[in-house]
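[1] Provided below are the primary sequence and the corresponding predicted coordinates.
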Amino acid sequence: MDFYDEVLREGVLALGAALFIGNALALYRRRSDARRTTAGRTGSFASESDLAQAPVARSVTYMLIGLVVAIWALASIISH
């Protein structure tokens, strides 16, 4: 296994872990997002297309995809 294979595997592991953790945090913050939305949005980045809360089904699906990718990458790193 050469250097580039190792870096690619580690990058895929990091991507899967980031997908899992990012969506887990979005689900964790759902309640505070709902309270902030009812109080009114402020800030320069808020727009009409922003979601008030993270959709549960989509977030859980992305968490599962991230978990599978991270486990697969970790298994590839360990097996070589």
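    Now that the structure is in, tell me what you want to look at.
[2] Following the lowest-mean-pLDDT helix or strand in the chain in sequence, what is the next regular element?
    Ranked by mean pLDDT, DSSP states H and E, the weakest helix or strand in the chain is helix 30-39, scoring a mean of 72. Sequence order places helix 56-79 as the next helix or strand after helix 30-39, per DSSP states H and E.
[3] if I pick G22, what's in contact with it?
    For G22, the contact set (C-beta atoms under 8 Å, 6 or more residues apart in numbering) comprises G66. Every residue, glycine included, has its C-beta placed from N, CA and C.
[4] right, I mislabeled it, should have said H80
    M1, D5.
[5] if you set the cut-off to 7 Å instead, what comes out?
    H80 is in contact with M1, counting by C-beta atoms under 7 Å, 6 or more residues apart in numbering.
[6] Please tell me how far it sits from D2.
    11 Å (C-beta to C-beta, to the nearest Å).
[7] Repeat that for L27.
    39 Å.
[8] which of those two has more neighbours?
    The neighbour count for L27 versus D2, taken as other C-beta atoms under 10 Å, is higher for L27 (15 against 6).
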